[in-house]
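K.L.:
no sequence for this one, just the structure:
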Ligand SMILES: Nc1ncnc2c1ncn2[C@@H]1O[C@H](COP(=O)(O)OP(=O)(O)O)[C@@H](O)[C@H]1O
Ligand SMILES: Cc1ncc(COP(=O)(O)OP(=O)(O)O)c(N)n1
């Protein structure tokens, strides 16, 4: 008997279905995993911007996580928007040994704040130390480390690694010739993953999609560089799929419905 690999996302909702819990669950499904979720905040959001954020309490989030962990054999947890330092503390209390992919969501592409100074402090003080791997974009990495925009990306990634986790510093840029992610593994070895950039404006949700795909590949047994390469390839293929879409008035959703390997879903023993 086997069961599908189970991945749990702890994240906010995006009513437009591009980022957050929608991206995570769709990506888990596209990669053949069963997705569970603990919602941290409800956002009224579309392809143009974030209109309203309604945070849930730490008790609300803990109750969802407990319900999932007490019933399902969760192989990996992925976090997105946490929304408050109190919810960040709940994540830090996850059972030791459970792999944790931390996507430190602080700002939406539209510019909306999704994490304040207290959330940044919580990441720095305890969430990153609990994380297996952290997946910031460059802006998030600067906020978390206090580094400046002129600092080399490798140095910024190593500064994050000094706070505890392995790192994938993502480098999405639809207008650049290539997108280059800097990977620092648990032992501090630095590698890069680079692909031609997909020219598109439909890239809302790429960070969430990348981190969710990374979580499934890590839980399936891939090492960090292979998992990051596979996740990057998945996002690029999804971006190519959505490149011609006309969906919404702003930056449209990345196609996390893209399904590369549904015929061979990952399984787990428990
Ligand atoms: N236009 C693009 N073409 C190819 N890959 C991309 C593109 N945009 C982002 N990516 C990839 O998607 C992943 C998420 O990166 P990024 O866009 O930096 O996250 P975020 O949405 O948090 O800013 C990374 O692997 C990055 O290289
Ligand atoms: C509820 C919610 N969570 C996360 C994000 C940010 O999404 P992300 O994929 O990191 O980046 P963009 O979508 O902004 O490229 C969000 N907007 N909402």
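P.N.:
On my side now, so go ahead. Bear in mind that the values here come from a model prediction, so they are computed numbers and not experimental data. Ligands and ions are numbered 1, 2, ... in the order given.
K.L.:
How about the residues of this protein by ligand 1?
P.N.:
137, 170-172, 174, 179, 181, 195, 197-198, 200, 203, 206-207, 210, 232, 235-236, 239 (C-beta under 6 Å from any ligand atom). C-beta: built from backbone N, CA, C; applies to glycine.
K.L.:
In ChimeraX, how would I select the buried members of these?
P.N.:
This is how ChimeraX selects the buried members of the residues of the chain next to ligand 1, with burial counted by 16 or more other C-beta atoms under 10 Å:
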select :137,170,171,172,174,179,181,197,198,200,203,206,207,210,232,235,236,239
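K.L.:
Filter the residues of the chain next to ligand 1 to keep only those in contact with ligand 2.
P.N.:
Restricting the residues of the chain next to ligand 1 to those near ligand 2 - C-beta under 6 Å from any ligand atom - leaves 203, 206-207.
K.L.:
give me the number of residues near residue 73?
P.N.:
When counting by other C-beta atoms under 10 Å, one arrives at 13 neighbours for residue 73.
K.L.:
Over to it: give its phi and psi.
P.N.:
Residue 73 adopts backbone torsions of phi -80, psi 80, taken as degrees, to the nearest 10.
K.L.:
doesn't residue 7 make contact with it?
P.N.:
No. Using C-beta atoms under 8 Å, residue 73 is not in contact with residue 7; the gap is 10.9 Å.
K.L.:
which secondary element of this structure has the worst mean pLDDT?
P.N.:
Sorted by mean pLDDT, DSSP states H and E, the helices and strands of the chain end with strand 267-268, the least confident at a mean of 62.
K.L.:
among the ones next to ligand 2 among the residues of the chain next to ligand 1, which are in helices?
P.N.:
Counting by DSSP state H, the part of those found in helices is 206-207.
K.L.:
which of the ones next to ligand 2 among the residues of the chain next to ligand 1 lies closest to ligand 2?
P.N.:
Using C-beta to the nearest ligand atom, the shortest approach to ligand 2 within those belongs to residue 207, at 2.8 Å.
K.L.:
from what I can see that closest one touches residue 103, true?
P.N.:
Yes. If you go by C-beta under 8 Å, residue 207 and residue 103 touch, sitting 6.1 Å apart.
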